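this one's sequence-less:
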């Protein structure tokens with residue numbers, strides 16, 4: 001009897017777990033359709049070309065917060081990047097507006113081919129909190 005109960009509990013747990021993942025669109029890799037001027041696919045292609053050159057020791061990967069290291073006067077990333085990161089053979093693969101599923105798609109479609117960075121700074125998920133459309137259906141937020 002205890003064995004039957006354990007099997008039923010494990011089966012129920014597996015069903016709930018699989019269902020939760022199936023409803024979470026953030027874990028399903030898809031290209032971005034975000035209507036911005038970021039030229040998403042061309043940026044992805046430029047990152048693949050940069051990766052094929054190799055030599056990346058430090059990789060920044062993510063959304064607009066990551067992307068921001070490449071611009072900004074004064075205290076922005078434009079002044080900080082050359083001082084602290086260029087000597088570390090850093091690359092910035094950030095794209096504004098990216099969500100978790102977009103970064104996963106980029107990774108599955110060649111952005112890391114040819115590189116083996118010692119460190120990856122990953123920032124994704126912020127844009128997944130903005131809209132109800134890509135949250136799990138079971139989410140109360």
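Now that the structure is in, tell me what you want to look at. Only a predicted model underlies this, so the values are computations on that prediction, with no experimental measurement involved. Residues are numbered from 1 along each chain as shown.

Name the nearest residue to the residue sitting nearest the centre point of the chain, ignoring sequence neighbours.
Most central in the chain under Cα atoms, centre = their mean is residue 103, positioned 3.3 Å from the mean C-alpha point. Excluding the flanking residues, the one nearest residue 103 by Cβ to Cβ, 6 or more residues apart in numbering is residue 124, at 4.8 Å. The way it works is simple: take the backbone N, C-alpha and C, and place the C-beta from them, glycine included.

Ok, residue 78 next?
Distances taken as Cβ to Cβ, 6+ apart put residue 72 closest to residue 78, at 5.1 Å, once the chain neighbours are dropped.

which residue ranges form the strands in the protein?
Per DSSP state E, the chain carries strands over the ranges 58-62, 90-94, 119-123.

quick one: buried residues of stretch 88-102?
90-102 (16 or more other Cβ atoms under 10 Å).

again, but for stretch 117-132
Applying 16+ other Cβ under 10 Å to stretch 117-132 flags 117, 121, 123, 124, 127, 128 as buried.

what about it, average pLDDT?
The pLDDT scores in stretch 117-132 average 88.
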